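1. predicted model and sequence below, questions to follow.
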Amino acid sequence: MNEPILLVPGMMSDARIFGPQIDDLSRDHALHIARVTHAETIREMAAEAIHHAPSRFALAGISMGGVVAMEILRRVPERVTRIALISTTPLPETPEQAAWREPQIVKAQSGNLTDALRAALAPDNFAPGESRTRTLAVLDAMAADIGPEAFVRQSRALQRRPDAQKVLRMTRAPALVLCGAHDKITPVKRHTFMAELIPYAELAIIDDAGHLPTLETPEKVNLALRAWMELPMVLR
């Protein structure tokens, strides 16, 4: 039986953020999508995901979902068979980053969710071209369905996110660290740093993608995830 995969969406995202991967990987794996829109903290998001997850699973998270994935790994490392971290960071929020979120929160609370979303994730964080337009359209559709209250909750959760560097250093599962070269929110150097923290990590950089490579370059991400699922297990 192939390993089930738990996918953890990012901020203001649902299963649609992994749409192309669900279409591809579901042919060979049971897929589970974590729910991250109702919890108040990263820890609560992780607890909710763990509660509904299989007994053992491969774990993949994107952006904020990567932060949640690292918290899941902190709590139940024995249940995580392998981990993929996409467009994310193990570092806690700095005071400057936390302050940067405050005007976005005000915009969302004032009914300007689109403006808040653009401030949080500007278009130049995606590779130029048609894929940027398509990606922004999916992002806007997800945000409209999820709503401004979730934007505020998730912004606050990210402001208080835990430091996951020790978690990554202790990881003994096969790991993929993946990012897009155009990502300015979590740039390549951050992913290089993450890959160096994890003993058994492979680093993949997609030149023609930005912060959401799952939507921008789905075929390349699908190939990377399939290769990750084929990595040999590590004796612990």
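-> Yes, it's here.

2. so which bits of stretch 136-148 are buried?
-> The neighbour-count check on stretch 136-148 (16 or more other Cβ atoms under 10 Å) flags 136, 138-139, 142-143, 146, 148 as buried. Every residue, glycine included, has its C-beta placed from N, CA and C.

3. what does the average pLDDT come to for that stretch?
-> Regarding stretch 136-148, the rounded mean pLDDT is 96.

4. extract the CA atoms of that stretch and return them as PDB.
-> The C-alpha trace of stretch 136-148 is given here as PDB (Å, rounded to 0.1, in the frame of the first residue of the first chain):
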ATOM      1  CA  LEU A 136      -3.800  35.300  -8.800                       C
ATOM      2  CA  ALA A 137      -7.200  34.300 -10.100                       C
ATOM      3  CA  VAL A 138      -7.100  31.100  -8.000                       C
ATOM      4  CA  LEU A 139      -5.800  32.900  -5.000                       C
ATOM      5  CA  ASP A 140      -8.500  35.500  -5.200                       C
ATOM      6  CA  ALA A 141     -11.300  32.900  -5.600                       C
ATOM      7  CA  MET A 142     -10.000  31.000  -2.500                       C
ATOM      8  CA  ALA A 143      -9.800  34.200  -0.500                       C
ATOM      9  CA  ALA A 144     -13.300  35.200  -1.400                       C
ATOM     10  CA  ASP A 145     -14.700  31.900  -0.200                       C
ATOM     11  CA  ILE A 146     -12.600  31.700   3.000                       C
ATOM     12  CA  GLY A 147     -13.300  35.300   4.100                       C
ATOM     13  CA  PRO A 148     -11.600  38.200   5.900                       C
END
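
5. show me the contact partners of that stretch.
-> Outside stretch 136-148, the residues that touch it by Cβ atoms under 8 Å, 6 or more residues apart in numbering are 12-14, 16-17, 19, 37, 108-109, 111, 113-114, 116-117, 121, 123, 126, 151, 212, 215.

6. what's the separation between the residue most central in space within the chain and R75?
-> Nearest residue to the geometric centre of the chain (Cα atoms, centre = their mean): I62, 1.4 Å. Distance of I62 to R75, computed by Cβ to Cβ, to the nearest Å: 19 Å.

7. hang on, the earlier thing: now the buried members of the contacts of stretch 136-148.
-> Taking 16+ other Cβ under 10 Å as the criterion, what is buried in these is 12-14, 16-17, 37, 108, 113, 116-117, 121, 126, 151, 212, 215.

8. what's downstream of whichever strand or helix holds P103, the next helix or strand?
-> Using DSSP states H and E, P103 sits within helix 95-109. Next along the chain after helix 95-109, taking DSSP H and E as the criterion, comes helix 113-120.

9. got the angle for the next helix or strand after that following helix vs helix 113-120?
-> Using DSSP H and E, the helix or strand that directly follows helix 113-120 along the chain is helix 130-146. Here helix 130-146 runs at an angle of 130 degrees relative to helix 113-120 (axes from the mean of the first three to the mean of the last three Cα atoms, to 10 degrees).

10. roughly how far is helix 130-146 from the heart of the chain?
-> Here helix 130-146 is found 16 Å from its chain centre; the criterion is Cα atoms, centre = their mean, to the nearest Å.

11. next, the angle from that helix to helix 95-109.
-> Computed by the same axes, to 10 degrees, the angle separating helix 130-146 from helix 95-109 equals 70 degrees.

12. quick thing: my sequence starts at 857, can you match it?
-> Will do, 857 is the new start, and the previous item becomes helix 986-1002.

13. my guess is the residue nearest to the centre of the chain contacts V864. True?
-> Yes: contact criterion Cβ atoms under 8 Å: I918 and V864 qualify, at 7.2 Å.
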